[in-house]
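J.: sequence-free structure coming up:
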């Protein structure tokens with residue numbers, strides 16, 4: 001059996017290893033198989049507090065140009081995730097697809113797992129991180145076997161002696177020596193599982209009020225659950241120029257097969273060339289405020305694609321990544337989390353092209369839901385030969401899936417939609 005020190009070392013090492021690289025696989029783009037180091041490649045993201053309205057929803061202008069609804073920024077003061085969590089103790093972190101919600105939580109989990117001593121001020125260290133993907137935890141509820149937070153966290157790690165580690169972690173939970181990081185509230189698809197997850201979180205928060213808790217979710221369709229304690233809502237701010245430059249330098253070094261801390265003249269030139277190209281194009285600059293889009297820009301640039309001259313090729317890659325390859329990776333890794341569209345990939349692409357073409361012809365930048373639905377129905381019925389009833393059903397499903405799961409099209413205001421970026 002393991003002594004307490006060995007159990008703690010085992011757990012901390014497993015958490016640090018699980019979150020040691022950034023997750024940008026599955027795009028079908030040329031990149032290394034080893035993954036970009038979290039320590040080298042993470043560009044610290046910042047949060048802006050938002051003010052909730054009476055209906056309990058919270059959203060705002062999202063990262064990368066996304067315009068959402070139901071709340072307004074309280075102010076434009078930015079703060080790091082750990083500082084926001086220290087100041088409010090229970091928070092929701094909201095953002096659009098690819099804005100870095102999961103990555104921010106994973107980086108904090110890794111940093112806490114590697115921290116042993118307090119820094120002298122009131123902060124999160126040396127609390128033990130408990131990182132849980134809520135979609136995976138919800139799947140465990142489907143087995144009708146009660147799974148507490150400690151078991152859920154340990155089950156998502158590569159560990160031997162899971163019973164002993166779970167028992168030790170449960171003891172740390174009871175003395176409130178943990179920080180709870182819950183990822184992807186919006187990815188709990190089954191309503192019954194969502195009720196079970198919310199009940200479990202509420203029970204935990206009420207019985208462990210001193211434990212810091214952060215829950216991430218996408219903004220579209222977000223309905224704030226009642227969790228007993230007051231949760232403060234924050235949104236992820238767009239990457240600022242300094243953060244983008246840091247991110248570009250890290251990716252350039254990674255694609256050159258060395259760490260970001262190593263000084264390389266060739267990488268410096270490549271990073272400057274890409275960053276200057278991004279800054280010179282207003283539409284590309286807007287795309288680069290989103291971390292996942294910026295990663296795609298870096299990969300394409302490394303493969304020889306000139307950002308200013310091949311913008312439409314770039315946009316096609318971005319759309320394909322958001323719609324298909326990213327979602328396919330999520331399906332393989334977390335079966336309940338990925339996009340499940342009623343149409344084939346190419347048909348979804350054609351539908352989007354039709355919508356964009358009709359909006360451009362009519363000089364529209366946003367459209368009501370009925371217009372969007374009619375355009376999808378018309379295309380599926382007249383161009384693809386779907387029966388009218390089936391075309392209508394698929395249109396309704398797509399209007400939910402495209403904003404909620406991909407972010408290519410977003411709900412700008414109640415029942416009114418637009419493309420996330422005018423460049424699309």
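T.: Sure thing, it's come through. Because the structure is predicted, anything quoted here is derived from the model rather than measured. Numbers count the residues shown, from 1 in each chain.
J.: okay, the most centrally placed residue in the chain and residue 291: tell me how far apart.
T.: The centre of the chain sits closest to residue 101, judged by CA atoms, centre = their mean, with a distance of 3.9 Å. Distance, residue 101 to residue 291, using CB to CB, to the nearest Å: 10 Å. In this view, the C-beta of every residue, glycine as well, is placed from N, C-alpha and C.
J.: residue 126 reaches residue 114, doesn't it?
T.: No. Using CB atoms under 8 Å, residue 126 is not in contact with residue 114; the gap is 10.2 Å.
J.: what residues are up against residue 369?
T.: 399, 415, 416, 417 (CB atoms under 8 Å, 6 or more residues apart in numbering).
J.: that one and residue 401, how far apart?
T.: Residue 369 is 14 Å from residue 401, by CB to CB.
J.: what's the helix or strand for residue 230?
T.: Using DSSP states H and E, residue 230 sits within no helix or strand.
J.: what count of nearby residues applies to the spatially closest residue to it that is not a sequence neighbour?
T.: The shortest distance from residue 230 to any non-neighbouring residue, by CB to CB, 6 or more residues apart in numbering, is to residue 90 (6.7 Å). Neighbours of residue 90 under the rule other CB atoms under 10 Å: 19.
J.: what's the pLDDT at residue 90?
T.: Residue 90 carries a pLDDT score of 94 in this model.
J.: what residues are bridge-paired with it?
T.: On the basis of DSSP bridges, residue 90 is bridged to residue 213.
J.: that one touches residue 208, doesn't it?
T.: No. Counting by CB under 8 Å, residue 90 sits too far from residue 208 to count as a contact (10.7 Å).
J.: which parts of the stretch 201-350 of the chain are helices?
T.: 241-255, 265-280, 282-287, 291-302, 311-320, 326-333, 345-361 (DSSP state H, counting those that start in this stretch).
J.: could these go into CSV alongside mean pLDDT and mean neighbour count?
T.: Shown next, in CSV, are the helices of the stretch 201-350 of the chain (pLDDT from 0 to 100; neighbours: other CB atoms under 10 Å):
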stretch, mean pLDDT, mean neighbour count
helix 241-255, 82, 21
helix 265-280, 82, 16
helix 282-287, 73, 17
helix 291-302, 77, 24
helix 311-320, 61, 17
helix 326-333, 49, 18
helix 345-361, 84, 16
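J.: to residue 165, which of these lies closest?
T.: helix 326-333 (22.2 Å; CB to CB).
J.: is it true that residue 173 touches residue 150?
T.: Yes. Counting by CB under 8 Å, residue 173 touches residue 150, with 5.9 Å between them.
J.: what is in contact with those two at once?
T.: Counting by CB under 8 Å, 6+ apart, the shared contacts of residue 173 and residue 150 are residue 130.
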